[in-house]
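Enquirer: Let me see the structure of the following:
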Amino acid sequence: MACVLVSSALHILAGGAAIRPDFLAGAAALTWAGSYLLGARQRGMEVLLPACFAAQYGMHHLFTAGAEPVLPASFDHDHGSGLGMLLVHALVGVVSAWWLERGESALATMLHLVVASLWTGLIVLAAALVEPRMPGRPLVAHAIDRLRRFLLAAGVSRRGPPLSVSVL
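Expert: Got it, this is the predicted structure:
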């Protein structure tokens, strides 16, 4: 939605025409539908860049069709098809693709970290279930103690010289 709003604002600045709300809502719905179709897996710039350019091309035509002129009638040349309009939509397409790619990479990294953390916790829990425990000690307490030892062992910081220093 943010990319549609930025594109419409820059379209107005480059084209001099306001966009009717129903056409703006249509652009948002079509952009959402396209992103839903591409959202099945992580995409790179080789997919996102052409998709964003296609979306910008479609939005340009949709915004032009749904324009409400705000300039005086004496203005005699077409604002909607100049080099400025092309540059505006190309810029928004590149920035949108970059923004989406970085956001997807960040989300994928966070999901990988969550899955790795859960997987590590499951391995520690399975190890606690297999490891022999003291008689009469509840299984839950044993699993919690095992998890605590695992987490503290991973957080040990060793600073300074080794404990045993041999002098030559």
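Enquirer: lowest-confidence helix or strand of this structure?
Expert: Sorting the helices and strands of the chain by mean pLDDT, DSSP states H and E puts strand 67-69 at the bottom, at a mean of 70.
Enquirer: Which SSE is immediately downstream of it?
Expert: Where DSSP states H and E defines the elements, the next helix or strand beyond strand 67-69 is helix 83-130.
Enquirer: Just the mean pLDDT for that next one, thanks.
Expert: Averaging pLDDT along helix 83-130 gives 82.
Enquirer: what packs against that helix?
Expert: Applying 3 or more C-beta pairs under 8 Å, 6 or more residues apart in numbering; DSSP states H and E, we find helix 83-130 packed against helix 2-15, helix 45-65, helix 139-154. The way it works is simple: take the backbone N, C-alpha and C, and place the C-beta from them, glycine included.
Enquirer: sec struct for Pro132, please.
Expert: Judged by DSSP: H, G, I helix; E, B strand; the rest coil, the three-state class of Pro132 is coil.
Enquirer: centroid residue for this protein?
Expert: Nearest to the mean C-alpha position of the chain, counting by C-alpha atoms, centre = their mean, stands Gly103 at 2.2 Å.
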